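Turn this into a model:
(chains A and B)
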Amino acid sequence: QKEVEQNSGPLSVPEGAIASLNCTYSDRVSQSFFWYRQYSGKSPELIMSIYSNGDKEDGRFTAQLNKASQYVSLLIRDSQPSDSATYLCAVKAVSNYQLIWGAGTKLIIKP
Amino acid sequence: SAVISQKPSRDICQRGTSLTIQCQVDSQVTMMFWYRQQPGQSLTLIATANQGSEATYESGFVIDKFPISRPNLTFSTLTVSNMSPEDSSIYLCSVEDRGYEQYFGPGTRLTVT
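Alright, predicted model coming up:
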């Protein structure tokens, strides 16, 4: 059974600090990794995709991938109250190209 | 990225009835997906719908309960049949764009009474 694990939180971070969200996955051959943001009552919104080891930066967001450790993370710099949401980690299965979803981490940015 | 719309956005239905949810994309896409999301839960894949072939259902979901149509590369429907209160959920369609990334429609919030 392929799995994606996330700490459900809530993770509380002061405004202006760095929020660090973590995700581990079980399928060693996975190649594609995604972070989605979901506001309450809304559908998931893709914010980052990463395919190679290392860091990928997009504005205040940095995704980090370590395939050897089967670990992917999302850093949010200069956290804002508008970043308060649930962040979902998804890994694409090599066998059938479907996304395997983590349970999501609820992030709360405190003003 | 593709722009996806869903209809209806929400509905309240009586048990034993059926509801058809529509998903429209502004560009041609090969793969479309239907998900269900219970309150406070992550996403559960119901089925994958590719144009020109039968939908592929995940474990726990059957065609008689969730028939899917995919008549062309921009449109799909999901029907929730013979509804019970346990079917109350948010139903989401998504598409795979550029071969790698999935984008979601706004969702349909279904309440069965």
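
B:Leu73 and chain A: what is the separation?
In this structure, B:Leu73 and chain A are 17 Å apart, going by C-beta to the nearest C-beta, to the nearest Å. Every residue, glycine included, has its C-beta placed from N, CA and C.

Quickly list what A:Lys92 is bridged to.
A:Leu99 (DSSP bridges).

Equivalent analysis for A:Glu5, please.
Where A:Glu5 sits in a bridge, its partners, by DSSP bridges, are A:Thr24.

does it really touch A:Gly102, like I thought?
Yes. Taking contacts as C-beta atoms under 8 Å, A:Glu5 lies within contact range of A:Gly102: 6.3 Å.

Give me the more crowded residue out of these two.
A:Gly102 (26 against 14; other C-beta atoms under 10 Å in any protein chain shown).

The more buried one against A:Ser8, yeah?
No. With contact defined as C-beta under 8 Å, A:Gly102 does not reach A:Ser8; the gap is 9.1 Å.

In chain B, where's the longest strand?
Secondary structure of chain B per DSSP state E: the longest strand is strand B:89-97.

Residues in contact with that one: which ones?
A:43-44, A:97, B:1-2, B:4, B:6, B:21, B:23, B:25, B:27, B:29-39, B:43, B:46, B:76, B:78, B:80, B:102-105, B:107-110 (C-beta atoms under 8 Å, 6 or more residues apart in numbering or on different chains).

got any residues that touch both of A:Gly102 and A:Ser8?
What both A:Gly102 and A:Ser8 touch, as defined by C-beta under 8 Å, 6+ apart, is an empty set.

Next one, pLDDT for residue 24 please.
Going with chain A. A:Thr24 carries a pLDDT value of 97.

could you do chain B instead?
pLDDT, read off for B:Gln24, is 98.

List the contacts of it.
B:4-7, B:74-75.

and the residue of chain A at minimum distance from chain B, how many residues sit next to it?
Sorted by distance to chain B under C-beta to the nearest C-beta, the residues of chain A start with A:Ser43, at 4.3 Å. Using other C-beta under 10 Å, the number of residues around A:Ser43 comes to 22.

Kindly report the same for the one 10 residues further on.
Look at A:Asn53: counted by other C-beta under 10 Å, it has 11 neighbours.

Equivalent analysis for the one 10 residues further on, please.
Applying other C-beta under 10 Å, we find 24 residues neighbouring A:Ala63.

So it, which state does it fall into?
The three-state assignment at A:Ala63 reads strand, by DSSP: H, G, I helix; E, B strand; the rest coil.

Please apply the same query to A:Ser82.
Applying three-state DSSP: A:Ser82 is helix.

Give me the subset of the contacts of B:Gln24 that lies in strands.
B:4-7, B:75.

Weed out the non-buried ones from the residues you listed.
B:4, B:6 (16 or more other C-beta atoms under 10 Å in any protein chain shown).
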